[in-house]
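# I need the structure of the sequence given here:
(chains A and B)
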Protein chains: 2
Amino acid sequence: MAEDNVIYVGDKEPMSYVLATITQLSEGSDEVTLKARGRAINTAVDAAEITRNRFLTEADIQDITTKTEEIEDEEGGTTNVSAISITLGMSE
Amino acid sequence: MAEDNVIYVGDKEPMSYVLATITQLSEGSDEVTLKARGRAINTAVDAAEITRNRFLTEADIQDITTKTEEIEDEEGGTTNVSAISITLGMSE
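Numbers count the residues shown, from 1 in each chain, chains lettered A, B, ... in the order given. Predicted coordinates:
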C-alpha cells in the first residue's frame, strides 16, 4: 500500500477524517489506513465507524492493529504512547 | 467465552484495567476482552498495550473490533457512540 493511502488523525473533528477517507476511496484507492496516537485514537475509531455506517456502506474495516510508540518529551526523555491503525477497504 | 471474561473500561487510569486483565489471565482465563465506548477507547488501547508490553509479554492481542452503539440522551433521543472490543490471550 502506498504511503499516500495513510490518513493521520489528529485533533480535528471526526468528520474531517471521514471526508478525507471518502475522497481517497472514491478516487480509486482500494484501501485507506487511518493512523492515530493517544487521545486521537478515539477520533480515528469514530471516523472509521461514521464512514462505513453513514457514507460508504460498501466499505468495511479490514484490519485494526495497535502498537506502542516512544516519543521524546520536553526534557529529552521518552514517553510511551499507544497508537492505532485502522484499514478501511471497499468490499469485493 | 464466558461473560465474566469481559472487562468494561471506563474513566479510571489504564493501570486499573491492566491489573484486572493480568488477574483474569493469571487465574486461568484463556482470553480477556476489554470493552470501551467513546473517550474510554483510548484507555482500553493503553491498557492492552501496557499489559502485553510491560507485564505479560506472553500475552498478545488476538482480535480488535469496533462498532457503533446507540445510547439514549437526556432528552429521550438517541446518540451514536463508537465502541471497541480488544481480546487479549496467552500465546500457545
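
# residues of chain A that sit close to chain B?
By C-beta under 8 Å from any C-beta of the partner chain, the residues of chain A that approach chain B are A:38-39, A:41-42, A:45-46, A:48-50, A:53, A:61, A:64-68, A:80, A:82, A:84, A:86. The way it works is simple: take the backbone N, C-alpha and C, and place the C-beta from them, glycine included.

# just the buried subset of those residues, written out for PyMOL, thanks.
Taking 16 or more other C-beta atoms under 10 Å in any protein chain shown as the burial criterion, the selection of buried members of the residues of chain A next to chain B in PyMOL is written as:
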select buried, chain A and resi 38+41+42+45+46+48+49+50+61+64+66+68+82+84+86
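
# among the residues of chain A next to chain B, which lie within strands?
A:I61, A:I64, A:T65, A:T66, A:K67, A:T68, A:N80, A:S82, A:I84, A:I86 (DSSP state E).

# residue closest to the middle of chain A?
Nearest to the centroid of the C-alpha atoms of chain A, with distances taken as C-alpha atoms, centre = their mean, sits A:L34, at 1.5 Å.

# and the gap between it and A:V18?
Shown here: A:L34 relative to A:V18, a distance of 10 Å by C-beta to C-beta, to the nearest Å.

# ok, for the closest residue to chain B within chain A, nearest residue in space, not its chain neighbours?
Distances from chain A to chain B, computed as C-beta to the nearest C-beta, single out A:I64 as the nearest residue at 4.1 Å. Using C-beta to C-beta, 6 or more residues apart in numbering or on different chains and skipping residues adjacent in sequence, the residue nearest A:I64 is B:I64, 4.1 Å away.

# same question for A:G89.
Counting by C-beta to C-beta, 6+ apart, the nearest residue to A:G89 once its immediate chain neighbours are dropped is A:E31, at 3.8 Å.
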